[in-house]
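Asks: Fold the following.
(one chain, ligands or ions: 1)
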Amino acid sequence: MIERIAVLGAGTMGFNIARLFAERGYAVSLYEPEGEALDRIARMIRAENMKLDVGGDLEKAVAASDLIVECVPEQLNIKREVYARLALAIKPDALVASNTSTFGLQTLARDVPFADRFVIAHFFNPAHLIPLVEVVGLPDTQPGRIEALVALLRSCGKTPVVLNRDIPGFIANRLQAALMREACHLLESGVADAAQIDTAVRDGLGIRWAFKGPFEIADLGGLDIWSKVTGHLFPELDDRTEAPESLLDKTGRGELGVKTGKGYYDYADPAKTIEEMTERLQRFNAFKQIGKDDRNGH
Ligand SMILES: NC(=O)c1ccc[n+]([C@@H]2O[C@H](COP(=O)([O-])OP(=O)(O)OC[C@H]3O[C@@H](n4cnc5c(N)ncnc54)[C@H](O)[C@@H]3O)[C@@H](O)[C@H]2O)c1
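Replies: Numbers count the residues shown, from 1 in each chain. Coordinates of the predicted model:
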């Protein structure tokens, strides 16, 4: 039974994951080693009156926890160091979940003493608003562990998807990377600019994808048509295996997107951009929930 949860790392993901569990009534401790980040988070918790313990003592945060969600930076050495400390500090039956975006579970679990109660729970930013959580276990994951995590996520209004096997990038990031490869190819070859490509996705593909997945859309369109579409277009598509030049160029110039005020677009007020996106997602989630309730006969 998962009642107490520790979240490690109070960055972009960790803070919202901790807030999600706290808002659903779980006892949550949030650990953050950086003093400045710790102060900022403590102020936010006070301002929003959240029931969330935050502190800079990892061992204290995890000691009584049934579930530990690791949200530390995507660097293997940092993650390994944290797992070594966890091995000495967690309860013998605690479950550990990594929120990694890119590492396979097998890579993370190598030489970890709690490997058979170690899983991936991959949330999407902003974690308290996007329903999908991808869950990955290994063949020797203890029985019942994945089911317990899935039940917890459902109790928080999430949509967990358990993968059949461990693979880097899981499902959604692989699909997103495939789309981004072609988007960068169209941009770099001058077929369209970023705004034109974003419009095609936002006002075309994206609207359908909010309600139907690619296989449902193929069924709707007709599989005879989709056999032709894929057969004709696959040879035309980009197939590079390195990160796109346009992304590397911008990164090299320090144009990292919203957080630096410039990326493919300019952002005069980054905080406002994030606020607007959050507000739209909240309204959209409410709208999607009405559709779900209708389908369930409510
Ligand atoms: N940002 C995203 O959109 C996103 C989405 C899904 C998954 N992820 C994954 O979530 C994890 C965290 O990403 P993020 O974007 O929140 O990063 P982030 O850099 O915003 O936050 C990481 C936090 O961890 C803290 N930290 C550093 N060393 C630590 C340590 N030894 N122990 C505990 N905390 C430590 C940092 O001070 C920082 O506050 C990564 O594995 C990332 O791949 C990120």
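
Asks: Can you name the residue of the stretch 151-298 of the chain nearest the ligand?
Replies: Asn173 (8.3 Å; Cβ to the nearest ligand atom). (C-beta placed from N, C-alpha, C; glycine too.)

Asks: ok, that residue - contacts?
Replies: Asn173 makes contact with Ser101, Thr102, His122 under the criterion Cβ atoms under 8 Å, 6 or more residues apart in numbering.

Asks: The nearest residue to Ile45 once chain neighbours are set aside and Val162, how far apart?
Replies: Closest residue in space to Ile45, ignoring its immediate chain neighbours: Leu52 at 5.3 Å, by Cβ to Cβ, 6 or more residues apart in numbering. Relative to Val162, Leu52 is positioned 28 Å away (Cβ to Cβ, to the nearest Å).

Asks: ok now do the residue nearest to Ile45, which residues does it touch?
Replies: For Leu52, the contact set (Cβ under 8 Å, 6+ apart) comprises Ala18, Arg19, Ala22, Val28, Leu30, Ile45.

Asks: Among the contacts of Asn173, which lie within helices?
Replies: When helices are assigned by DSSP state H, not one member of these lies inside them.

Asks: For ChimeraX, write the selection for the buried entries among those residues.
Replies: Written as a ChimeraX command, the selection of buried residues from the contacts of Asn173, which uses 16 or more other Cβ atoms under 10 Å, is:
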select :101,122
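
Asks: circling back: state the helix or strand in which the residue of the stretch 151-298 of the chain closest to the ligand lies.
Replies: Counting by DSSP states H and E, the element that carries Asn173 is helix 172-188.

Asks: Return the set of buried residues in that helix.
Replies: Buried residues in helix 172-188, defined by neighbour count with 16+ other Cβ under 10 Å: Asn173, Arg181, Ala183, Cys184, His185, Leu186, Leu187.

Asks: pretty sure Ser246 contacts Gly190?
Replies: No. Judged on Cβ atoms under 8 Å, Ser246 makes no contact with Gly190 at a distance of 11.4 Å.

Asks: Which one's more surrounded, the two?
Replies: More neighbours surround Ser246 than the other of Ser246 and Gly190, with 15 against 7 (other Cβ atoms under 10 Å).

Asks: Check which helices and strands the helix or strand encompassing the more buried one is in contact with.
Replies: In this structure, Ser246 is located in helix 245-252 according to DSSP H and E. For helix 245-252, the elements it packs on are helix 172-188, judged by 3 or more Cβ pairs under 8 Å, 6 or more residues apart in numbering; DSSP states H and E.

Asks: and the helix it packs on with helix 245-252, angle?
Replies: Orientation note: helix 172-188 sits at an angle of 100 degrees relative to helix 245-252 (axes from the mean of the first three to the mean of the last three Cα atoms, to 10 degrees).

Asks: after helix 172-188 comes which helix or strand?
Replies: Past helix 172-188, the next helix or strand by DSSP H and E is helix 194-200.

Asks: Which positions within that next one qualify as buried?
Replies: Ile197.

Asks: on contacts alone, who are the packing partners of that helix?
Replies: Judged by 3+ Cβ pairs under 8 Å, 6+ apart, the packing partners of helix 194-200 are helix 172-188.

Asks: pull the CA atoms of the helix it packs on into PDB?
Replies: Output of helix 172-188 as PDB, limited to C-alpha atoms (Å, rounded to 0.1, in the frame of the first residue of the first chain):
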ATOM      1  CA  ALA A 172       5.700   9.000 -26.700                       C
ATOM      2  CA  ASN A 173       9.200  10.500 -26.900                       C
ATOM      3  CA  ARG A 174      10.100   8.100 -29.800                       C
ATOM      4  CA  LEU A 175       7.000   9.300 -31.700                       C
ATOM      5  CA  GLN A 176       7.700  12.900 -30.900                       C
ATOM      6  CA  ALA A 177      11.400  12.500 -32.000                       C
ATOM      7  CA  ALA A 178      10.200  11.000 -35.300                       C
ATOM      8  CA  LEU A 179       7.900  14.000 -35.900                       C
ATOM      9  CA  MET A 180      10.700  16.500 -34.900                       C
ATOM     10  CA  ARG A 181      13.100  14.900 -37.400                       C
ATOM     11  CA  GLU A 182      10.700  15.500 -40.300                       C
ATOM     12  CA  ALA A 183       9.700  19.000 -38.900                       C
ATOM     13  CA  CYS A 184      13.400  20.000 -38.800                       C
ATOM     14  CA  HIS A 185      13.900  18.600 -42.300                       C
ATOM     15  CA  LEU A 186      11.000  20.700 -43.700                       C
ATOM     16  CA  LEU A 187      12.400  23.800 -41.900                       C
ATOM     17  CA  GLU A 188      16.000  23.300 -42.900                       C
END
